[in-house]
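J.: Show me how the following folds:
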Amino acid sequence: MAWFYFLCCLCLYFSLPAVSLAYKIDQSCTQKGIEQDVRNAMTSAFEMADAAIKLLTANPRNSDTIELLGFLFAKDGVDPRQLLDNGGLEKTTQVLRAINNLYRDEVTGNAPVSINDVIIFCHYDRFKLIDKKKKLYRDLSNGIALKFDEQQCRGSMMDRISLAVTVNPISDEDVLMNGVKMSPEKPTQIQLCLWFVDWIKDRRFKLHNDVARSNIGRAVIKLAESKNFGLRQIDAFSLLDKVLLHEMTHGRGAYTNTNTDVENVEGQVGLADVSSPNGFLALFGWAAYGWKAAMELARKGDNLGGENAPDNNADTIALLGSVCKLMDDPSNPRKVDVKGRIIPRK
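T.: As a prediction, this is how the structure comes out:
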């Protein structure tokens with residue numbers, strides 16, 4: 001009987017379509033004319049993750065790395081070296097490694113993807129309205145009914161406008177293959193907001209390095225800092241590659257409550273957009289986006305490993321990768337100071 005069961009399992013295994021651990025660019029990005037931009041940005045995002053892993057695991061670690069970790073992860077009076085020595089940044093390292101291990105390869109054409117992979121979409125045409133009053137749509141790419149509201153991308157007077165939205169879909173219907181119940185989970189989806197897609201198409205500066213080699217910084221940064229919401233020079237680097245790194249941390253492949261050896265946030269799938277520690281902004285549901293908010297979260301948030309901790313905040317990890325790539329640039333190494341300004345490494 002055991003042999004019969006084994007043979008049945010073996011037959012089922014070979015009858016399943018082969019899947020890759022990868023990311024996939026949906027044809028919607030081709031239709032919008034930004035497929036190659038997305039591909040280039042994914043390559044740059046993985047380079048950010050590489051640079052962060054390299055600096056986190058270096059032995060010995062240099063003073064600039066210690067300073068950066070202090071800005072983004074340490075409470076006042078805590079030596080970042082203690083966090084490293086006590087394994088406090090193991091979750092961050094694991095998330096970055098998971099992104100590289102699970103998402104790095106690209107699959108094209110009709111090749112299937114697994115539930116831990118990510119698909120990038122560039123328009124909303126796959127959503128078919130099935131109940132206007134309830135704003136209920138059918139996602140034609142996976143058959144799941146969901147509530148969809150473009151307002152999440154557009155924002156309102158006091159909302160932060162999103163550049164992209166990530167979901168980890170789960171079907172509420174049983175899926176059978178050869179009589180065997182399959183996982184209800186579907187591949188992670190990164191939906192680029194349409195206004196951001198149009199910006200990518202029209203702008204000359206699309207990647208981290210494009211801005212780094214230009215004079216755009218002064219004008220953008222002056223405008224950003226003139227507002228009262230705490231944007232800093234490094235936040236001007238929030239282009240497509242950093243956005244995609246941020247969104248990948250939300251994926252179940254990057255972090256779930258089952259794929260890490262460190263202490264977890266129970267039941268959480270993907271890293272969160274942790275609420276801003278600024279009481280006023282938190283009232284309006286603002287997350288800890290940007291350099292100033294990330295530093296404030298490090299000081300006032302939960303201890304590392306907690307639900308409202310910096311290592312559970314997607315933008316903190318994306319900022320870490322963005323700055324580490326600057327620091328690891330062999331031709332022009334730079335770092336970021338406490339005010340979020342990009343300065344040369346000495």
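J.: can you pull out the strands in the protein?
T.: 22-25, 105-107, 118-121, 127-131, 136-139, 145-147, 164-167, 176-177, 180-181, 188-192, 334-336, 342-344 (DSSP state E).
J.: Give me the contacts around the last one.
T.: Residues outside strand 342-344 that contact it (CB atoms under 8 Å, 6 or more residues apart in numbering): 217, 233, 234, 326, 332, 333, 334, 335, 336, 337. Glycine gets a C-beta too; all of them are placed from N, C-alpha and C.
J.: Could you rerun that using 6 Å?
T.: Outside strand 342-344, the residues that touch it by CB atoms under 6 Å, 6 or more residues apart in numbering are 233, 334, 336, 337.
J.: From these, pick the one nearest residue 247.
T.: Within the contacts of strand 342-344, the smallest distance to residue 247 is 21.6 Å, found for residue 336 (CB to CB).
J.: I'd guessed that closest one sits against residue 233; true?
T.: No - counting by CB atoms under 6 Å, residue 336 does not reach residue 233; the two are 7.7 Å apart.
J.: the more surrounded of the two?
T.: Using other CB atoms under 10 Å as the criterion, residue 336 and residue 233 rank with residue 336 on top: 24 against 21.
J.: Distance check, that one against residue 346.
T.: Using CB to CB, to the nearest Å, residue 336 is found at 14 Å from residue 346.
J.: what does residue 48 give?
T.: In terms of CB to CB, residue 48 sits 22 Å off from residue 346.
J.: More neighbours: those two, which one.
T.: Neighbours were tallied for residue 48 and for residue 346 using other CB under 10 Å; the higher tally belongs to residue 48 (27 against 7).
J.: got a list of what that one touches?
T.: So residue 48 contacts 245, 321, 322, 325 (CB under 6 Å, 6+ apart).
J.: what about 8 Å?
T.: By CB under 8 Å, 6+ apart, the residues touching residue 48 are 208, 241, 242, 245, 318, 321, 322, 324, 325.
J.: In space, what's closest to the second one - neighbours in sequence excluded?
T.: I take that to be residue 241. Distances taken as CB to CB, 6 or more residues apart in numbering put residue 44 closest to residue 241, at 3.7 Å, once the chain neighbours are dropped.
J.: Surely residue 190 is in contact with residue 103?
T.: No - using CB atoms under 8 Å, residue 190 makes no contact with residue 103, being 10.2 Å away.
J.: Need the overlap of contacts for the two.
T.: Common contacts of residue 190 and residue 103 (CB under 8 Å, 6+ apart): 118, 248, 251.
J.: among those, who's most crowded?
T.: That'd be residue 248 among these, by other CB under 10 Å, with 32 neighbours.
J.: Now do the same contact list for it.
T.: By CB under 8 Å, 6+ apart, residue 248 lies in contact with 45, 99, 103, 118, 166, 190, 254.
J.: So the fifth one sits against residue 251, correct?
T.: Which is residue 166. Yes - in terms of CB under 8 Å, residue 166 counts as a neighbour of residue 251; the distance is 6.5 Å.
J.: Identify the contacts common to the two.
T.: Common neighbours of residue 166 and residue 251 (CB under 8 Å, 6+ apart) are 188, 190, 270.
J.: rewinding a little: of the contacts of residue 48, which pair is most distant in space?
T.: So, those by CB to CB: farthest apart are 241 and 324, at 12.8 Å.
J.: Please say which of these two ends up with more neighbours.
T.: Counted by other CB under 10 Å, residue 241 and residue 324 do not tie: residue 241 has more neighbours, with 29 against 25.
J.: how near is that one to residue 326?
T.: Applying CB to CB to residue 241 and residue 326 gives a distance of 12 Å.
J.: Kindly report the same for residue 26.
T.: Noted for residue 26: a distance of 30 Å to residue 326, by CB to CB.
J.: JSON lines for the contacts of residue 48, including pLDDT?
T.: As requested, the contacts of residue 48 are exported to JSON lines (pLDDT from 0 to 100):
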{"residue": "208", "pLDDT": "58"}
{"residue": "241", "pLDDT": "93"}
{"residue": "242", "pLDDT": "94"}
{"residue": "245", "pLDDT": "97"}
{"residue": "318", "pLDDT": "97"}
{"residue": "321", "pLDDT": "97"}
{"residue": "322", "pLDDT": "96"}
{"residue": "324", "pLDDT": "97"}
{"residue": "325", "pLDDT": "96"}
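J.: so which of those comes closest to residue 298?
T.: For the contacts of residue 48, the nearest to residue 298 is residue 318 (14.6 Å; CB to CB).
J.: Where does pLDDT dip in the chain?
T.: Low-confidence segments of the chain (pLDDT under 70): 1-20, 151, 154-160, 174-183, 204-231, 237-238, 257-267, 279-285.
J.: For the stretch 201-346 of the chain, just list every one of the helices.
T.: Taking DSSP state H, counting those that start in this stretch, the helices of the stretch 201-346 of the chain run over residues 208-212, 216-226, 240-248, 279-283, 290-300, 314-327.
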